[in-house]
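Novice: My questions concern the predicted model and sequence given below.
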Amino acid sequence: MLPGRLPRNPLPCGGTLFAPGASLRLSLEVALTDDVLAVHGGTPLQGQIRVRGAKNLVSKAMVAALLGETPSTLYDVPRIRDVEVVRGLLGLHGVKVSDGVDDGELVMDPTNVESASTDEINVHAGSSRIPILFCGPLLHRLGHAFIPDLGGCHIGPRPIDFHMQALREFGAVVDKTPEGMHLTAPNGLHGTKLELPYPSVGATEQVLLTAVRAEGVTELRNAAIEPEIMDLICVLQKMGAIITVHTDRVIEIQGVKKLHGYKHKPIPDRIEAASWAAAALATRGEIEVLGAQQADMMTFLNVFTNIGGEFEITDARVTRPGVTGVEGGIKFWHPGGELNAVALETDVHPGFMTDWQQPLVVALTQARGLSIMHETVYEQRLGYTEALNQMGATIQVYRDCLGGTPCRFGRRNFKHSAVIAGPSKLHAADLVIPDLRAGFSHLIAALAAEGTSRVYGVDLINRGYEDFENKLSALGAHAEYV
Ligand code: EPU
């Protein structure tokens with residue numbers, strides 16, 4: 001394994017991933033040395049892949065395990081970098097984390113939670129945004145917490161003011177130092193009434209993970225209600241928490257003294273599923289995403305249909321180690337002919353997810369006419385369009401709120417609306433991956449383009465897309481590490 005990388009198939013440089021004669025197409029070659037993928041585009045992606053538990057639920061459910069007094073078990077956990085980061089942090093705090101016997105099973109035993117040194121914790125500085133969610137659970141378990149500098153994708157300033165404000169209202173004392181944040185709760189944590197200025201996913205999770213064991217009742221207004229939040233509430237309820245979701249983004253949490261462990265199968269990763277759907281459209285292919293769930297993707301599916309893509313909810317017969325039977329999924333395909341331009345804006349749930357935006361824009365470069373993408377969740381999430389323009393796309397970004405509703409970024413200096421003119425013939429280019437979702441969209445663009453692109457920094461994709469190399473191979477992509 002290379003430093004900082006997830007284990008890859010232990011193949012010799014340039015060795016193929018599958019033996020000749022295997023049923024999947026055998027074109028992805030892997031060298032163990034570098035982080036640059038040569039992608040030979042122009043082949044429609046075709047085949048079947050599977051998504052597992054959602055990155056943006058699994059990592060939070062792992063933090064929740066800290067709150068219990070008995071072990072918790074998560075199933076269907078993907079092998080991605082964010083999971084490794086949380087696993088590392090749990091381990092440092094005395095939580096025994098072990099892989100169970102079944103594929104994707106993770107058992108977390110928090111019986112002997114202990115303090116970790118700031119130096120040890122700081123090893124994880126800059127690697128993910130999840131550590132901020134350790135505040136409440138560590139305050140409950142240890143009475144203090146140290147949070148390293150956060151990482152995550154560079155898609156805007158990504159402040160943590162809502163988190164800090166909420167924690168202070170619960171009674172936490174926050175001391176910011178150059179090495180990170182120290183938190184204490186000299187008088188304990190107490191339920192409170194809060195209203196978020198914006199329905200932030202992370203801040204809602206912060207409140208949930210803190211309120212469940214705070215003394216008294218917490219009322220959170222303007223809460224995020226993403227499916228991953230609802231699934232986290234399910235996890236906490238299994239642990240003994242009492243949480244009521246009212247209408248109009250109001251969540252009420254009755255604090256309890258003790259929580260126990262849980263067993264949970266997370267919702268599937270709807271961001272990964274949509275990314276592969278966009279890849280099917282952009283490459284004029286057909287991809288069946290096993291595990292994808294219609295209910296969490298309705299907004300995406302409507303847009304997919306409006307663009308001209310087709311999908312079918314499937315029940316596929318699967319045989320893989322430990323599982324033989326029927327598994328549901330969604331098959332996405334390009335039906336031939338031209339795609340339609342659309343006007344879209346990203347939004348909090350139940351709107352069109354900001355994380356669906358980048359892969360879909362690649363597909364929109366192939367649609368006839370002018371499409372509009374108004375990004376209203378992050379102010380700087382369109383930078384990747386420059387790379388698409390290098391490849392032959394025609395995308396202009398604007399500071400104005402295009403396409404309808406004015407958003408928070410409208411009167412500020414952020415280029416957060418894009419107009420995509422298509423269809424454009426994409427050609428190969430050298431691309432540097434800027435962040436997770438934009439990175440995957442670079443990959444899709446390279447697969448859709450004619451010629452051989454070099455994609456630098458592909459390792460970043462391992463943060464959130466499990467085993468993407470083997471999945472590309474299974475879909476017939478032609479690519480190799482150089
Ligand atoms: N915000 C603030 N102050 C805060 C917190 C958020 O101003 O204290 C703002 C952000 O700057 C942003 C907006 O609120 O403009 C929404 O941010 P949110 O807190 O909802 O995002 P997050 O919790 O940091 C999670 C996902 C993101 C996903 C967003 C929106 C995780 C680990 N990350 O981020 O996923 O885009 O919610 O759904 O759950 C990804 O998976 O690649 C990814 C970036």
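Specialist: Great, that's in hand.
Novice: distance of residue 225 from residue 296?
Specialist: In this view, residue 225 and residue 296 are 12 Å apart by CB to CB, to the nearest Å. To be clear about C-beta, it is placed using only N, CA and C from the backbone, and glycine gets the same treatment.
Novice: right, I mislabeled it, should have said residue 223
Specialist: 18 Å.
Novice: near the ligand, which residues of the stretch 301-450 of the chain show up?
Specialist: Taking CB under 6 Å from any ligand atom as the contact definition, the stretch 301-450 of the chain meets the ligand at 354, 355, 377, 378, 436, 437.
Novice: more neighbours, residue 225 and residue 296?
Specialist: residue 296 (24 against 19; other CB atoms under 10 Å).
Novice: residue ranges with poor pLDDT in the stretch 51-200 of the chain?
Specialist: Across the stretch 51-200 of the chain, the ranges flagged by pLDDT under 70 are 101-102, 151-157.
Novice: what residues does it put near the ligand?
Specialist: Contacts of the stretch 51-200 of the chain with the ligand, taken as CB under 6 Å from any ligand atom, map to 55-56, 129-130, 153, 156, 158-163, 198, 200.
Novice: residue ranges for the helices of the chain, please.
Specialist: For the chain, helices defined by DSSP state H occupy the ranges 55-64, 81-92, 118-122, 135-142, 161-170, 201-211, 227-238, 270-282, 298-307, 354-364, 385-390, 436-448, 468-474.
Novice: a markdown table please, covering those and showing distance to residue 426 and mean neighbour count.
Specialist: As requested, those are exported to a markdown table (distance: least, CB to CB, whole Å; neighbours: other CB atoms under 10 Å):
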| stretch | distance to residue 426 | mean neighbour count |
| --- | --- | --- |
| helix 55-64 | 28 | 26 |
| helix 81-92 | 28 | 21 |
| helix 118-122 | 42 | 15 |
| helix 135-142 | 44 | 24 |
| helix 161-170 | 39 | 19 |
| helix 201-211 | 32 | 26 |
| helix 227-238 | 32 | 21 |
| helix 270-282 | 8 | 28 |
| helix 298-307 | 17 | 17 |
| helix 354-364 | 8 | 27 |
| helix 385-390 | 8 | 19 |
| helix 436-448 | 5 | 28 |
| helix 468-474 | 17 | 23 |
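Novice: for residue 192, phi and psi?
Specialist: phi -150, psi 170 (degrees, to the nearest 10).
Novice: Contacts only, for it.
Specialist: 169, 170, 214, 218, 219 (CB atoms under 8 Å, 6 or more residues apart in numbering).
Novice: What's the local residue count around residue 126?
Specialist: Counted with other CB under 10 Å, the neighbours of residue 126 add up to 11.
Novice: closest one to residue 429 among the helices of the chain?
Specialist: Comparison of the helices of the chain against residue 429 by CB to CB identifies helix 385-390 as nearest, at 4.8 Å.
Novice: Contacts for the closest one next, please.
Specialist: 361-362, 365, 393, 395, 397, 418, 426, 429, 431-432, 441-442, 445.
Novice: Just send those residues back as CSV, with pLDDT too.
Specialist: Shown next, in CSV, are these (pLDDT from 0 to 100):
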residue, pLDDT
361, 98
362, 98
365, 98
393, 98
395, 98
397, 97
418, 98
426, 98
429, 97
431, 95
432, 94
441, 96
442, 97
445, 98
